[in-house]
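Asks: The sequence and its predicted three-dimensional model are supplied below.
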Amino acid sequence: MAEFTMPSLGADMDEGTLTEWLVRSGDHVHRGDPVAVVETAKSTIEVECFDTGIVMELLVEPGTTVPVGTPLALIGSSGRARPTRHAPTKAEPSGPPAPEPSREPPSSPPGSVPAPVPSAARLPGHTEAGPLARHLAERSGVDLGGLHGSGPGGRVTRADVEHAAAARPGTAPPRARATPFARRLAAELGVDLATVTGTGRHSAIRSSDVRRAVPGPPPAPHAPAGPEASSATRRSEDRTAVMRQAIAGLMSRANRDIPHYYLSTTVDMAAASDWLREHNRRSPVGERLLPAALLLKAAALGAREVPDLNGFWTEDHFTAADGIHLGVAVSLRGGGLVAPTLHHADTLPLPQLMKTLKEMVNRARTGRLRGSEVSGAGITVTNLGDQGVESVFGVIHPSQVALVGFGRVVDRPWAVDGLLGVRPVVTATLSADHRATDGAVGARYLAVVARLLQTPEHL
């Protein structure tokens, strides 16, 4: 039996709030499947399972805030038999089965052999069901004793009670299957769940389905807001304030504990611009690239050539990362910042890197990042060129030892072979931890990045 625990989704995370389950008791899950949605101070994240098996029990109710490492669910082996009671097999010794104190029927005369309990049977007055299912059954007028549970060991689940309630004569149509968080969100946004198509397990409606179903365009900035809109705005502002506090705490610690040094260089982007223009001319729309793809790939390959900048400073020594995993700084529409991870960025072909980047940024801005996308980065890249900034000197994200910055590609006077002309150039910067490296290592890294950007055919 494995425990699915509240994961650590960043160096600044001490606790998280379980907002919704994406699975139910009895579901089969595989390693890497999203099973829960967790809200941290900075983002809402889909958390993947680290084991393959059967969800035996959900231990934490949605809406609960727990520390990192708290067990959230129990995952049983997929080959493990569900707990049932049956008569002795041939491999078992003959004789009466051992009595179970909690389920023992009324005492029999001495010397008599108790009859085995059938596998799906339940003794009168007792049914295996959790408190949530019992509460729902009582409220719906459903007799638990007549239900055959679909959960582990015949346990009655909430879905069993809902189906039984819907099947009773004269009852209202069954409610749409939705996670608790999706129901709360639908009520806040005025979405009728009966009109929403669920994309979760067993077609359950998730919060992302509700957000996509919000009717009509967003209100104009000058439009008067009703009580619901005002409440939603306040909640958004509260989340942004919490995120700002988390960022402030982490960056204050970084400035206090990390002895930064800063370097910059200006890179001629003429060859990269010509190569990019020709590539996009020959490529389908879906495979066209933005300059950001070239910058990220150069940063990743540079980290592979200069590995001293790709890793972590912990317990007074440097530990190299297990691959080239780039943290990519993404600004959120409501304010704030997250840095999801682009795994193995040095091995991704440019079209695949561009596609993965677009999907990751979209998930970051819609609150649908996955747990694997917010951990493991060994070096972070921030690109503020689309904001008009020409250079950026960032603060290192603990416990990393370096952060790379790129500004806007601008036309500047530039001398080539003794002749002055106008060329597109970009400023690349490096913020690095002086405990792990020095300026010579940082200069070597920036030189590699410049060389790669001037030979884009090698990216």
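Replies: Looks like it came in fine.
Asks: For this structure, which element, helix or strand, carries the lowest mean pLDDT?
Replies: helix 131-140 (a mean of 64; mean pLDDT, DSSP states H and E).
Asks: and the closest residue to A213 other than its chain neighbours, how many neighbours?
Replies: For A213, ignoring the flanking residues on the chain, the nearest one in space by Cβ to Cβ, 6 or more residues apart in numbering is V196 at 4.7 Å. Heads up, the C-betas are built off the backbone N, CA and C, glycines and all. V196: 18 surrounding residues under other Cβ atoms under 10 Å.
Asks: Any buried residues in stretch 444-452, and which?
Replies: Judged by neighbour count using 16 or more other Cβ atoms under 10 Å, the buried positions of stretch 444-452 are 445-446, 448-450, 452.
Asks: One more: stretch 309-323?
Replies: Neighbour counts over stretch 309-323 (16+ other Cβ under 10 Å) mark 309-313, 318, 321, 323 as buried.
Asks: returning to what we had before: in helices, which of the buried residues of stretch 444-452 appear?
Replies: 445-446, 448-450, 452 (DSSP state H).
Asks: between the residues you listed, which is closest to H30?
Replies: L452 (37.6 Å; Cβ to Cβ).
Asks: So, low pLDDT: which residues of the stretch 151-300 of the chain?
Replies: Residue ranges of the stretch 151-300 of the chain with pLDDT under 70: 151-153, 155, 158-159, 168-176, 180, 188, 201-202, 215-240.
Asks: residue ranges for the strands of it, please.
Replies: Here the stretch 151-300 of the chain has its strands, by DSSP state E, counting those that start in this stretch, at 260-268.
Asks: so the residue nearest to A213 touches D209, yeah?
Replies: Yes. Contact status for V196 versus D209: in contact at 5.3 Å, counting by Cβ atoms under 8 Å.
Asks: ok, back up a step: ok, the residue nearest to A213 - contacts?
Replies: Residues in contact with V196, defined by Cβ atoms under 8 Å, 6 or more residues apart in numbering, are 176, 178, 186, 205, 209-210, 213.
Asks: The same query, at a cut-off of 7 Å, please.
Replies: Counting by Cβ atoms under 7 Å, 6 or more residues apart in numbering, V196 touches 176, 205, 209-210, 213.
Asks: ditto for L357
Replies: Listed by Cβ under 7 Å, 6+ apart, the contact set of L357 reads 292-293, 296, 328, 342.
Asks: ok, now P351?
Replies: By Cβ under 7 Å, 6+ apart, the contact set of P351 is E287.
Asks: how about it, secondary structure?
Replies: Assigned state for P351: helix (three-state reduction, DSSP: H, G, I helix; E, B strand; the rest coil).
Asks: ok so, going back, quick one: the contacts of V196 as JSON lines, columns for distance to A402 and neighbour count too.
Replies: Listed next are the contacts of V196 as JSON lines, based on distance: Cβ to Cβ, whole Å; neighbours: other Cβ atoms under 10 Å:
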{"residue": "A176", "distance to A402": "48", "neighbour count": "18"}
{"residue": "I205", "distance to A402": "43", "neighbour count": "24"}
{"residue": "D209", "distance to A402": "39", "neighbour count": "22"}
{"residue": "V210", "distance to A402": "40", "neighbour count": "24"}
{"residue": "A213", "distance to A402": "43", "neighbour count": "16"}
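Asks: among those residues, which are in helices?
Replies: 209-210.
Asks: which among the contacts of V196 gets closest to A303?
Replies: D209 (38.0 Å).
Asks: That closest one and G388, how far apart?
Replies: For D209, the distance to G388 equals 36 Å [Cβ to Cβ, to the nearest Å].
Asks: can you check L348 too?
Replies: As judged by Cβ to Cβ, L348 and G388 stand 28 Å apart.
Asks: Same question for G334.
Replies: 21 Å.
Asks: Look at those two and report which has more neighbours.
Replies: Taking neighbours as other Cβ under 10 Å, G334 and G388 compare with G334 leading, 13 against 9.
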